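Asker: Sequence first, predicted coordinates after that:
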Amino acid sequence: MEIESRDKYGIMWLAGIRHLNLGEHCLKTFGESDRPRVDRKLKRQTGLLPAEAPPVAWYLCALPIPWSWERNAHLAFEYAPGQTWEGNALVPGLGVRLHNARPITGWGEHSIPADAEMRQARLYRTCRNWQFG
């Protein structure tokens, strides 16, 4: 995985998702997750994610300085041997290149089930981590 930060970020994290806790939002949505180190201060960084016993999915989140919901960077992806992908993590401020992985797309507020317990709570409904979960 390669990350290119074109904007400044106050928070950046990567979570390997193995469990969900839909009673929480933000990073806590993913419960006890794998947490490889990413550095929000680096313009360019690379990381090798384990291919052995991979999590169900990976989720990259970065919150810009100054904070703006519209400029929050998010990318969900999964292990996919032999595949390569390059693009933005939802916004042009964070570019990502994946090796042996592919993005998971098509999710958003529209994908939250109508009967989801926390759907009416704005903090949950607008949280992209929770939407993905």
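Answerer: Looks like it came in fine.

Asker: Lowest-scoring secondary structure element of the chain by mean pLDDT?
Answerer: Here the helix or strand of the chain ranked lowest by mean pLDDT, DSSP states H and E is helix 122-125, holding a mean of 94.

Asker: I'd like the next helix or strand past that helix.
Answerer: Next along the chain after helix 122-125, taking DSSP states H and E as the criterion, comes helix 128-132.

Asker: what's that following helix packed up against?
Answerer: Packing partners of helix 128-132 (3 or more CB pairs under 8 Å, 6 or more residues apart in numbering; DSSP states H and E): strand 57-64, strand 73-89. C-beta coordinates here come from the backbone N, C-alpha and C atoms, glycine included.

Asker: So which of those is the most surrounded?
Answerer: Comparing the helices and strands packed on helix 128-132 by mean neighbour count (mean count of other CB atoms under 10 Å), strand 57-64 ranks first with a mean of 22.

Asker: one step back: would you mark the buried spots in the least confident helix or strand of the chain?
Answerer: residue 124 (16 or more other CB atoms under 10 Å).

Asker: what's in contact with it?
Answerer: Residues outside helix 122-125 that contact it (CB atoms under 8 Å, 6 or more residues apart in numbering): 25, 109, 112, 118-119, 130-131.

Asker: Most neighbours among those residues, which one is it?
Answerer: residue 130 (25 neighbours; other CB atoms under 10 Å).

Asker: Distance check, the closest residue to that residue other than its chain neighbours against residue 109.
Answerer: Nearest residue to residue 130 in three dimensions, chain neighbours excluded: residue 25, at 4.5 Å (CB to CB, 6 or more residues apart in numbering). Look at residue 25 and residue 109: by CB to CB, to the nearest Å, they are 13 Å apart.
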